[in-house]
Structure formats: C-alpha cells, structure tokens
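Peer 1: here is a sequence with its predicted model. Questions after.
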Amino acid sequence: MPRPQFLFTQFQNSYKVEIPNLESLSVEQIQELQKFVEQRKGLFDFETYSFVIQKRLDFGGFIKLLKSLGIEADIQEKFIETKRVDRVSFGQYKGLLFTELPDSYLLWLKNNYHGYQRKLLEKELKRRNL
C-alpha cells in the first residue's frame, strides 16, 4: 500500500497540505485523512488534492502531530515565493499577504469580492489552481 505524499505549506494563520498521490491511496487511507481534517475543522478539497486547516503550525509541529497519531507519510515542505508585497486591505485578514490567505477564504472571496484588489485575488487563485 503506498504512503501518502504530503507537500506542506505554512501560512501565517493556517497551513495547506497537497497530496499529489491521492488517487493511488486506498479508501481507508483517504477516510483516515478526511477524519484528520474534519477533527481539526479543516477543509478537504478533492479537486485540488489538498486540505487546509486554519491553525498556526510549523513544519516540525506537523510532523510531530502526524507521528503522534500514527499517520505514516512522506512529507516535504513547500515554500511560498513572493516577488511583491500584495497585502489584503480589508476584512478579517487585513494586512496579510494574499499568499498567506487560507484556500477557504480565497474561494469565498472568489464569489463575494468585487473590489479594487480583484486582480490580485484572481492572480492568487490562479497560482494555487483554485
């Protein structure tokens, strides 16, 4: 049985984990991952093979968490490259970089925000393939 491959990305107040080999995992493994995400009130997105949890956690903390739960996976850290400082000028995440926003909030903005930073929002959605 293949082990899940996790690409961990840390944001200021959340983290995202991509699972590129999700399709090769067993139903039981996927259900275990779903349970992990649900217990942490996260969002599992089957279209992007990823999940987001709105909690501050670094890479080392994530590895310790998985070990404590007995979840075996191949884990890599993914870093965000920012070329410009594009900060959110509104709402609960005001002052954060668009690259630091959780996927769930970006998806909400996609349908609900039509302000002057719309192009920055669309750029970040495209960068994350959302």
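Peer 2: Thanks, I have the structure now.
Peer 1: tell me the contacts of the spatially most central residue of the chain?
Peer 2: Geometric centre of the chain, nearest residue: K16, 2.1 Å, by CA atoms, centre = their mean. For K16, the contacting residues are F8, T9, S50, F51, V52, P102, D103, by CB atoms under 8 Å, 6 or more residues apart in numbering. Using the backbone N, CA and C atoms, a C-beta is placed for each residue, glycine as well.
Peer 1: go again using 10 Å as the cut-off
Peer 2: Neighbouring residues of K16 by CB atoms under 10 Å, 6 or more residues apart in numbering: 7-10, 42-43, 45, 48, 50-53, 78, 80, 102-103, 128.
Peer 1: for stretch 17-28, give the mean pLDDT please.
Peer 2: Averaged over stretch 17-28, pLDDT sits at 95.
Peer 1: end to end on that stretch, go ahead and measure it.
Peer 2: Stretch 17-28 stretches 19 Å from its first residue to its last (CA to CA, to the nearest Å).
Peer 1: what comes up buried for that stretch?
Peer 2: Neighbour-count burial for stretch 17-28, counted by 16 or more other CB atoms under 10 Å, picks out V17, E18, I19, L22, L25.
Peer 1: give me the subset of the residues you listed lying in helices.
Peer 2: Using DSSP state H, the subset of the buried residues of stretch 17-28 located in helices is empty.
Peer 1: distance from the top helix by length along the chain to the middle of the chain?
Peer 2: Secondary structure of the chain read by DSSP H shows that its longest helix is helix 27-39. Put simply, helix 27-39 sits 15 Å off its chain's centre (CA atoms, centre = their mean, to the nearest Å).
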